[in-house]
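J.: What shape does this take:
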Amino acid sequence: MSLQSMTGFARHLRTFPGVQISWEIKSVNGKGLDVRFRLPQGFEAIDQKARALFGQHFKRGNFQAALTVDKTEGASARTVVNRPLLEELASIAGRLREELNLAPSTPEGLMALRGVLEVPQDIVTPEDQSKLDDLALAVLEETLVRLEQDRRAEGSALGEILSRQVSAVEALVERAKRDPSRSLEAIKGRLSAQVALLLDAAPALDEARLHMEAAFLATKADIQEELDRLEMHVASARLLLADGNGAGRKLDFLTQEFNREANTLCSKANAASITTIGLDLKAVVDQLREQIQNLE
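T.: Below you'll find the predicted structure:
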């Protein structure tokens, strides 16, 4: 599976007989799956099913989803007669006809009066609403597919950046492994110099004991274990990037391990060159972790 970014956008519109349905969805980074809907009145019942659809496509991210439903030209609307008003107007017309000797009023004339005939746009039967709900969910499914494609496209670009950063970590580990300060001759030279300085400062000190202490400190300062673990983390990161299935959380944890080893490398370094490599490593790991925050 390919990597998926948590940021994306999709807008999709479908026209059906008498109605036009559209969804607009935005997604940004999030620790979990959080969906917030903006639904027209009457569509509240689709909330649970709509959330389930999001769960089928995504594992993480904060989503804003807006549904718009518009009636199209030619949509049939049920005409409603306001009978109380019509009866009242007919009664008034009858009294005026008798009092003022007016011509009889006609049904057509009465119905032409404002308010007698109503064409409500928002009166929907339960059966019609159920059909609209199904259409809205169908369009949502299509929109989610488009959003997933958008997030995967961004995830692919992000994967290339992350791969380069992991390679940068690997290159720094290799530099540390080959650093001249870690050669046997360099270590012996540092030990001899340290012992000589101590003997000059305090000639009464036991030279053999000093050599033992210096060797012990040199062993504690050895960074081979850290380099080995960093190499293992590099291999794990590449496997996660290749798999891509919800790799964001695991990679985020892995960057913490990278950072821990980089810190130890700096604290154990007994040469300026190793310290420099450790600091460069921390900088790359910080960049890596920042980018990983965008991954699902």
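J.: all helices of the protein, in order?
T.: 47-57, 83-100, 107-111, 126-178, 184-201, 207-220, 224-243, 247-268, 272-292 (DSSP state H).
J.: Now do the last one and helix 126-178, the angle between them.
T.: Okay, so that is helix 272-292. Per axes from the mean of the first three to the mean of the last three CA atoms, to 10 degrees, the angle that helix 272-292 makes with helix 126-178 is 170 degrees.
J.: Contact partners for Gln4?
T.: Residues near Gln4 by CB atoms under 8 Å, 6 or more residues apart in numbering: Phe58, Glu148, Arg151, Arg152, Gly155, Gly244, Leu295, Glu296. Glycine gets a C-beta too; all of them are placed from N, C-alpha and C.
J.: And the nearest residue to the first one once chain neighbours are set aside, how far from Gln293?
T.: When you say that, I think you mean Phe58. Leaving aside its sequence neighbours, Phe58 sits nearest to Leu33 (CB to CB, 6 or more residues apart in numbering; 6.1 Å). The spacing between Leu33 and Gln293, counted by CB to CB, to the nearest Å, is 16 Å.
J.: quick one: which of the two has more around it?
T.: Leu33 (16 against 13; other CB atoms under 10 Å).
J.: and that one, what are its bridge partners?
T.: With DSSP bridges as the criterion, Leu33 is bridged to Gly61.
J.: any idea how far it is from Met6?
T.: From Leu33 over to Met6 (counting by CB to CB), the distance is 10 Å.
J.: what touches both of these two?
T.: Taking CB under 8 Å, 6+ apart as the criterion, Leu33 and Met6 both touch Arg60, Gly61.
J.: related to what we said a few turns ago, hmm, the residue nearest to Phe58 is touching Gly61, no?
T.: Yes - using CB atoms under 8 Å, Leu33 is in contact with Gly61, at 6.5 Å.
J.: quick one: contacts for Phe63?
T.: Applying CB under 8 Å, 6+ apart, the residues near Phe63 are Ile25, Lys26, Ser27, Leu33, Asp34, Val35, Arg36, Phe54.
J.: Now for these: which two are most distant?
T.: Spanning the widest gap among the contacts of Phe63 are Lys26 and Leu33, at 14.5 Å by CB to CB.
J.: can you tell me how far Ser91 sits from Ile46?
T.: Taking CB to CB, one finds Ser91 at 46 Å from Ile46.
J.: neighbour-wise, which of those two wins?
T.: Comparing Ser91 with Ile46 by other CB under 10 Å, the one with more neighbours is Ile46, at 19 against 10.
J.: In space, what's closest to the more buried one - neighbours in sequence excluded?
T.: With CB to CB, 6+ apart as the criterion, Ile46 has its nearest non-adjacent residue at 5.0 Å, and that residue is Asp133.
J.: residues touching the one you found, list them.
T.: Phe43, Ala45, Ile46.
J.: Pull up the gap between the last one and Ile21, please.
T.: For Ile46, the distance to Ile21 (CB to CB) stands at 11 Å.
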